[in-house]
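In: Quick one, what's the 3D model for this:
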Amino acid sequence: MKTKIRIIGIDPGSRITGYGILDTDGFRHNYVASGFITIKADALPEKLGIIFREVAAVIEKWQPDSMAIEQVFMSRNADSALKLGQARGAAICAGVQADLSVDEYAARVIKKAVVGTGAASKQQIQIMMQKLLGLEQTLQSDEADGLAIAMCHANHAHVKSVGVVRGSRRGRWL
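Out: You can find the predicted model right below:
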């Protein structure tokens, strides 16, 4: 029998932070929980404190074995990227405080892992997460992103655990 691990995926944001929790044996991914944290504060330090406390509370409640989080991407607005980086830092600190390993994935890698293209829209991610996990409820976009991050990590963690090497002629990945 395969050992299951519980993964929390975090889609950080300074206004809304999404999360998704999956149990996986490396082949089958089972939905556990998902949601989003709405950050209602004006001052950045206060927002970061809310993210830290709320992510820590979700971790305490669901007891994941590992954590995955989306990397910061640089868009046109450097200020937005800095705020996102700080939100990520608060969420990562909550994971580290709970002794979780934390892995980071680029948005394009996450999208490709769950939709098949790195240019997938938010709506495509919502639909795919609902279908892949057999959910009836419509997912809010940030919580769907959190689940997608968890699923991406589940797939990558499985590949690491079986020692798959890409580019090999023996059917292994590069």
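
In: So which elements touch the lowest-mean-pLDDT helix or strand in the chain?
Out: Across the helices and strands of the chain, mean pLDDT, DSSP states H and E gives its lowest value to helix 141-161, namely a mean of 86. Counting contacts by 3 or more Cβ pairs under 8 Å, 6 or more residues apart in numbering; DSSP states H and E, helix 141-161 packs against strand 5-11, strand 16-24, strand 29-38, strand 66-70, strand 101-105, helix 107-114, helix 122-132. For every residue, glycine as well, the C-beta is placed using N, CA and C.

In: among the ones you listed, which is nearest Gln86?
Out: strand 16-24 (11.8 Å; Cβ to Cβ).

In: For that closest one, what is the distance to the chain centroid?
Out: Chain-centre distance of strand 16-24: 6 Å, with Cα atoms, centre = their mean, to the nearest Å.

In: Would you mind getting the angle between it and strand 66-70?
Out: 140 degrees (axes from the mean of the first three to the mean of the last three Cα atoms, to 10 degrees).

In: by contact count, what packs against strand 16-24?
Out: strand 5-11, strand 29-38, helix 44-62, helix 141-161.

In: Reformat the ones you listed as JSON lines; add mean neighbour count.
Out: Shown next, in JSON lines, are the helices and strands packed on strand 16-24 (neighbours: other Cβ atoms under 10 Å):
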{"stretch": "strand 5-11", "mean neighbour count": "26"}
{"stretch": "strand 29-38", "mean neighbour count": "18"}
{"stretch": "helix 44-62", "mean neighbour count": "17"}
{"stretch": "helix 141-161", "mean neighbour count": "23"}
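
In: ok so, going back, let me have the helices and strands packed on helix 141-161 in a markdown table, extended by mean pLDDT and distance to Cys152.
Out: Output for those, formatted as a markdown table (pLDDT from 0 to 100; distance: least, Cβ to Cβ, whole Å):
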| stretch | mean pLDDT | distance to Cys152 |
| --- | --- | --- |
| strand 5-11 | 97 | 7 |
| strand 16-24 | 97 | 10 |
| strand 29-38 | 97 | 10 |
| strand 66-70 | 97 | 7 |
| strand 101-105 | 96 | 5 |
| helix 107-114 | 94 | 4 |
| helix 122-132 | 96 | 11 |
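
In: Please tabulate these in a markdown table, including the columns distance to Ala154.
Out: Output for those, formatted as a markdown table (distance: least, Cβ to Cβ, whole Å):
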| stretch | distance to Ala154 |
| --- | --- |
| strand 5-11 | 6 |
| strand 16-24 | 4 |
| strand 29-38 | 5 |
| strand 66-70 | 8 |
| strand 101-105 | 11 |
| helix 107-114 | 9 |
| helix 122-132 | 11 |
